[in-house]
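K.L.:
Fold the following and give me the result.
(4 chains)
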Protein chains: 4
Amino acid sequence: MKRIGILTSGGDAPGMNAAIRAVTRKAIHSGLEVYGINYGYAGLVAGDIFKMDESSVGDKIQRGGTFLYSARYPEFAKEEGQLKGIEQLNKFGIEALVVIGGDGSYHGALRLTEHGYNAVGLPGTIDNDIPYTDFTIGFDTSVNTVVEAADRIRDTAASHERTFIIEVMGREAGDIALWSGVAAGAEDVIVPEHDFDVKEIADRLRSSRQRGQKHAIIILAEGVMHADELAEQLSQYGDFYLRHTVLGHVVRGGSPTARDRVLASEMGAYAVDLLMQGKGGLAIGIENGKITSHDMLDLFDSKHHAQMSLYQLGQDLSF
Amino acid sequence: MKRIGILTSGGDAPGMNAAIRAVTRKAIHSGLEVYGINYGYAGLVAGDIFKMDESSVGDKIQRGGTFLYSARYPEFAKEEGQLKGIEQLNKFGIEALVVIGGDGSYHGALRLTEHGYNAVGLPGTIDNDIPYTDFTIGFDTSVNTVVEAADRIRDTAASHERTFIIEVMGREAGDIALWSGVAAGAEDVIVPEHDFDVKEIADRLRSSRQRGQKHAIIILAEGVMHADELAEQLSQYGDFYLRHTVLGHVVRGGSPTARDRVLASEMGAYAVDLLMQGKGGLAIGIENGKITSHDMLDLFDSKHHAQMSLYQLGQDLSF
Amino acid sequence: MKRIGILTSGGDAPGMNAAIRAVTRKAIHSGLEVYGINYGYAGLVAGDIFKMDESSVGDKIQRGGTFLYSARYPEFAKEEGQLKGIEQLNKFGIEALVVIGGDGSYHGALRLTEHGYNAVGLPGTIDNDIPYTDFTIGFDTSVNTVVEAADRIRDTAASHERTFIIEVMGREAGDIALWSGVAAGAEDVIVPEHDFDVKEIADRLRSSRQRGQKHAIIILAEGVMHADELAEQLSQYGDFYLRHTVLGHVVRGGSPTARDRVLASEMGAYAVDLLMQGKGGLAIGIENGKITSHDMLDLFDSKHHAQMSLYQLGQDLSF
Amino acid sequence: MKRIGILTSGGDAPGMNAAIRAVTRKAIHSGLEVYGINYGYAGLVAGDIFKMDESSVGDKIQRGGTFLYSARYPEFAKEEGQLKGIEQLNKFGIEALVVIGGDGSYHGALRLTEHGYNAVGLPGTIDNDIPYTDFTIGFDTSVNTVVEAADRIRDTAASHERTFIIEVMGREAGDIALWSGVAAGAEDVIVPEHDFDVKEIADRLRSSRQRGQKHAIIILAEGVMHADELAEQLSQYGDFYLRHTVLGHVVRGGSPTARDRVLASEMGAYAVDLLMQGKGGLAIGIENGKITSHDMLDLFDSKHHAQMSLYQLGQDLSF
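P.N.:
Now for the predicted structure:
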């Protein structure tokens, strides 16, 4: 194998650039040529492909987003799209591929592998919702961004003795809410993975007010409901001086944390190792502190499991 | 004069604690006693008042919010409320007062001055919407918070070639939007102080896309309309891959910037100077780089003027 | 068991307050009483001890340093000191103890355990130099602080095409250097755990300059030598436009990262669990992603091992 | 006039890129062509010059350092150097110039103006040591960086009850120390512009310790002496548990604050206005909140004056 390609797909995440850098440098230092593919699978099909050298990824490790751009491209689910992509791979002499993105983007990677073009997937998403990995690239950064925002909001909550509902991203997964809930010392956390009872939350808020703590922060995962809905439901049980805020795309950007940069670097280098061993159709993860890989087919049959011990921990330490 | 009081009123703002610290330290070093009044005018009326010493304000300069709490208390607009407050001032032997808050809170200060209790006002609000001051305490911090958020959002906007609408606070004033628009390099800024034409914005976005810059950030002051409304209006003129986000209370909190801490310190010390000169009914400002004071009556007849040269500057430097 | 104590010892680290909060809240929610001991073992011996409730640890999770203060107290190594401490434990009715600090502070904890007062240790140090734990409380924060500083320094290094040597803390351990080296994309990392050859580094710098990359960052662990010494040695092999900077105590403070807060919370809660099970003489760690505990005696016979795979990774990805 | 050039000279400062962007965009929107000159006067003489368009300065406003690089080039002080530079200006058809840097770099600008090539200077330095301007581009960012570092160091100082000496940049000027001293709530500030007495500082430290405040932060301007010297002198008067740290180049880099970005944008646009009016030999400043310009000759005869009211303010509010 002489030449590999790299693309980012799905929603951008901090650390994607660190991963691109790692793949590129490691591959070049291993004697390979590396081609960047812009706009994910859309750019692959369109042939928006260019040769990269070591300096292409200089001054990138600290940048948020993805300098290879990302785009949705549902057409790649069909064989017609895949064949067009393969045409481009052939044209550029690209024999194997690294794909950075959510598990949705792994389907395309697996199809290419089945067609003889080994592709390895790196979990790049803030949502942490990918099976067989404890952490995705971008998750640590987004949790820190949420926590920093919650710290700021606590200033106002405490000054005015309000209850704040902070809605955070995460799609169907509660990971961002769980981690940032513990880290921000949230008085309550509501996630899709756990039952909750609005009346009970109201009771806790009321009794904590009576004991003297008059402000509170509730972290709400977007996968459960919207912040304004929760505010409305809560307000039926009393006046908690509610305010709510939605932490939207702010949480998707920013310079990656050290942890995300190191994780991206480790995973990127490992992806090149796997490709050089002639492997494909594998998704890279970090499990129990070790970099691992699993067959993509196994991932599609699995579900990500949030670290629910943090839910209990949050309850134990609040109020 | 032997004893002064201090309270914060209205929405909290970063730097309020630095101002409380400055008033307290300067007053004590000038031989005065200082009493903190919790919860603004509500706490004054309720007698929620305590003696402070130098250490009461230790480790506070860097904190967001206000450790004296803040609360709305419309009852203080009536003489009945004011007389109750005066009763408490008498009870605690407080002869003069520093009030930190928006210009709404200056009305109470003026009433107290008229009753013989000199009160001086410090402009504490992120909105920068107070006449006779170029900057309010908290404004610089909130602008930096918006800019940091816009930098993050640009990561995603650029990665996905989207147009982002960022709605920012400011009530009826466009100052936060104007300053953060220039500082974030926003492609467009929409403020209450200037006409705008949605179709024209759409035309600019379209032509910049055609020239190759495919992402854009629009900063929208909340005083104009809501982000989702603008998104809807814009989408009638074409597909700009729009996303919108509302920067809510995140922008109100956080550790104050150096500028806000220095401004709060200068203003706080100056307020004590004025009170020691037997003056009251004055609002402190910073104009053309100098700390100034004006009769509160003059403020009530005036309007704050945003620095509209920044509007033109933003237009000149974008795209 | 009805009553436990908590103290922090040795150098402060971000996340110590989060750990104190976790121990306190978890213990109170488990029906225990909690006493804070100021100034580590010195305060224990002096009886500087006070009862804490849930609100004692409110608004603390986000603070750097330790609000229980820390101090060196070598006298506690002698039995005389320990007996005085035990006298105070008896006086206050404290039956067991949580000690947060470096492994030096574990010796005192073990002695107390041997005297019948169960003590559990939490690894609180930025240096990450404690055996049987992959991460210490404070390490993640300090690495992020180093990386942020290195990002800033890269601005100047790139603008002036200089080579910067950044000396970082870590005592005898290279962990901070290794992690921040990979995360900052340092061109070279020098740690006590690995040989290095100044001439070789000079050769790499020279050839990278010739290839066109004219600035470089070298992260140097303080355990190897001082930055000015390295600068002098390097300058004997050519002119690399060297500058050097020492990141001192800046790296010890600051609001803890999300990761450090969660780690501190998990470890603190687990410490209470162990004490309630009647256990003592144990040091808590996180290994392969799981919270664990080990006999302190085992720690004293062991050495911490840095994750040396990061050394190779850094070499693979630089230049 | 059809074509202008732009260069950065002297030490880099945050906001230089924002200034380059402003000059470039404003000039292009005014119908001019803009050429970037790399490496300051060295690059001018060497002809390291390239045409810029609007996108050359895209994604630059938030970056620290200068993407046009900077370099010392004492040879430009001689006419021979200047004539070589003029040769290049002629070759590229550049008729006028914007120079961003310290006042040292203004001499070259004035020489070029005298030769018929109008040059306007922008004050780009963190040191704030340029006459006829209240603020330089980069100063606000560096002060905020110092304050953030001091906040972190206070964590450790308070936890261990130490006295910390923080040495900050500023060359012969005390501005960074004065502003950051007030903003960080430093217990003492030592600057070249004001006498000081080590014994007196020691007395203050001792009496504050006796009153119960057992930690302190002293900000020391590098123009006075080095931190280790002060530590040694202070230690002759008692044991203040001293530590000292030097905030070196960390303070020079980083993403510029909102204030610096706006200032750089205003000044850059104004520089183009002046050049289009056929003016040269002018240095731009901000005085009393207004953008101004002065004859460079006047600057060379003048001295910068730090805002010494902050010195007194700092004394009034500490301890």
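K.L.:
buried residues in stretch A:224-235?
P.N.:
Within stretch A:224-235, the residues scored as buried using 16 or more other Cβ atoms under 10 Å in any protein chain shown are A:224, A:227, A:230, A:231, A:234. (Glycine included, C-beta is placed from N, CA and C.)
K.L.:
wait, which of those is closest to residue D:8?
P.N.:
residue A:227 (45.7 Å; Cβ to Cβ).
K.L.:
Surely the closest one and residue A:247 touch.
P.N.:
No: contact criterion Cβ atoms under 8 Å: residue A:227 and residue A:247 do not qualify, at 9.5 Å.
K.L.:
Overlap of the contact sets of the two?
P.N.:
Both residue A:227 and residue A:247 are contacted by A:166, A:167, under the criterion Cβ atoms under 8 Å, 6 or more residues apart in numbering or on different chains.
K.L.:
which helices and strands sit right next to the lowest-mean-pLDDT helix or strand in chain A?
P.N.:
Lowest on mean pLDDT, DSSP states H and E among the helices and strands of chain A sits helix A:198-211, with a mean of 93. In terms of contacts (3 or more Cβ pairs under 8 Å, 6 or more residues apart in numbering or on different chains; DSSP states H and E), helix A:198-211 is packed against strand A:188-190, strand A:216-221, helix A:227-235.
K.L.:
mind listing what's buried in it?
P.N.:
Those would be A:201, A:202, A:204, A:205, A:208, A:209, for helix A:198-211 by 16+ other Cβ under 10 Å.
K.L.:
So which residues make contact with that helix?
P.N.:
By Cβ under 8 Å, 6+ apart, helix A:198-211 touches A:163, A:187-188, A:190, A:216, A:218, A:230, A:233-234, A:236-238, A:240, A:319.
K.L.:
Please compute how far stretch A:284-300 lies from its chain's middle.
P.N.:
Its chain's average C-alpha position is 15 Å from that of stretch A:284-300, according to Cα atoms, centre = their mean, to the nearest Å.
K.L.:
which residues are contacting that stretch?
P.N.:
So stretch A:284-300 is contacted by A:103, A:106-107, A:109-110, A:113, A:120-123, A:130-135, A:263, A:266-267, A:270-271, A:274, A:279, A:281-283, C:134, C:287-290 (Cβ under 8 Å, 6+ apart).
K.L.:
In helices only, show me these.
P.N.:
A:106, A:107, A:109, A:110, A:113, A:263, A:266, A:267, A:270, A:271, A:274 (DSSP state H).
K.L.:
Grab the two from those residues that are most spread out in space.
P.N.:
A:107 and A:266 (24.3 Å).
K.L.:
More neighbours: which of the two?
P.N.:
residue A:266 (22 against 17; other Cβ atoms under 10 Å in any protein chain shown).
K.L.:
For the residue of the stretch 151-300 of chain A found nearest chain D, which non-adjacent residue is spatially closest?
P.N.:
Chain D sits closest to residue A:255 of the stretch 151-300 of chain A, with a gap of 9.0 Å, by Cβ to the nearest Cβ. With sequence-adjacent residues excluded and distances taken as Cβ to Cβ, 6 or more residues apart in numbering or on different chains, residue A:255 is closest to residue A:62, at 5.0 Å.
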